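I'd like to go over a predicted model; first the sequence, then the structure.
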Amino acid sequence: MDFSKKWFRFRIFILTLPYLTVMMNFMVLRFFLGKWLELSITAFSKQPDLLEKIMTLDPEQLRHAMRAWTTGVAVITAQHDGQRYGMTVNSFTSISLEPPLVSVALKQLTHTHELVENSNEFSVTILASHQKNLSDRFAGKIPNIQDRFEGVPTETLSIPAPLIKDGMAFFNCRVLKAIPVGENTLFIAEVIAARGEGEGDPLVYHNRVYWKLNVAAV
């Protein structure tokens, strides 16, 4: 009888071992990824000669060159202590699928940055091609708007930060690391909820102009 119980416990242990291994690998990878990013940027900031060389580049020259980089358009939103705000970005990107990590760079001293920093979470809406006006709205290009969400249909997933309806894809993210970089903060975040299949026409930004894709592949 004792042998049967021990054998049963041993089988349970063997069956659960792969799941424990996966969880441990996830935790270790997330820890070392955060440490690597933190140490890399810290080491970079401690090299004044390298920073001085980079700062010799004319910002306008960089701005002109970056116009060749084509991106999608997203709206980052956050909510904290009864306040909500959002801003248009093209710095949102995926870092890892396993674990599910993304990053976004937000300009410091903005209200969205403040709310993300205080709430430690944010939502992302990938805009569709018909949502150009919403991109301009959350980029602050439309004057005399006090509340950027006024009249804008929204919804939520698992956190209070609103998502804009009719977008192409939606993400809820929890901040793991906030790293000051230049005039921005690079937020490394874990995706805790996502919805969307990539179907439809995305809003595309290239050379300071919005575009719509009209071909499937080249």
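Noted; the coordinates are in hand. Predicted model only: the values in this text are computed from it and were never measured. Residues are numbered from 1 along each chain as shown.

now residue 85: closest residue in space, sequence neighbours ignored.
residue 111 (4.5 Å; C-beta to C-beta, 6 or more residues apart in numbering). To be clear about C-beta, it is placed using only N, CA and C from the backbone, and glycine gets the same treatment.

against residue 87, how distant is the one you found?
8 Å (C-beta to C-beta, to the nearest Å).

more neighbours, these two?
For residue 111 against residue 87, the residue with the higher neighbour count under other C-beta atoms under 10 Å is residue 87, and the figures read 20 against 14.

surely that one touches residue 75?
Yes: using C-beta atoms under 8 Å, residue 87 is in contact with residue 75, at 7.1 Å.

for those two, list the residues in contact with both.
residue 138 (C-beta atoms under 8 Å, 6 or more residues apart in numbering).

low-confidence ranges, this protein, go.
Counting by pLDDT under 70, the chain contains low-confidence ranges at 1-55, 215-218.

what about the strands in it?
Using DSSP state E, the strands found in the chain span residues 71-72, 74-80, 83-89, 93-96, 101-107, 121-126, 154-155, 163-164, 169-181, 184-195, 203-206, 209-212.

these into JSON lines, with extra columns for distance to residue 132?
Listed next are these as JSON lines, based on distance: least, C-beta to C-beta, whole Å:
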{"stretch": "strand 71-72", "distance to residue 132": "13"}
{"stretch": "strand 74-80", "distance to residue 132": "12"}
{"stretch": "strand 83-89", "distance to residue 132": "11"}
{"stretch": "strand 93-96", "distance to residue 132": "21"}
{"stretch": "strand 101-107", "distance to residue 132": "21"}
{"stretch": "strand 121-126", "distance to residue 132": "14"}
{"stretch": "strand 154-155", "distance to residue 132": "18"}
{"stretch": "strand 163-164", "distance to residue 132": "13"}
{"stretch": "strand 169-181", "distance to residue 132": "17"}
{"stretch": "strand 184-195", "distance to residue 132": "22"}
{"stretch": "strand 203-206", "distance to residue 132": "6"}
{"stretch": "strand 209-212", "distance to residue 132": "5"}
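
which one of these lies closest to residue 135?
Closest approach to residue 135 among those (C-beta to C-beta): strand 83-89, 5.0 Å.

give the pairing partners of the closest one; include direction for each.
Here strand 83-89 is paired, per DSSP bridges, with strand 74-80 (antiparallel).

quick one: work out the angle between the strand it pairs with and strand 184-195.
On the basis of axes from the mean of the first three to the mean of the last three C-alpha atoms, to 10 degrees, strand 74-80 is oriented at 90 degrees to strand 184-195.

all numbers from here: first residue = 16
Sure thing, new numbering starts at 16, so read that last one as strand 89-95.
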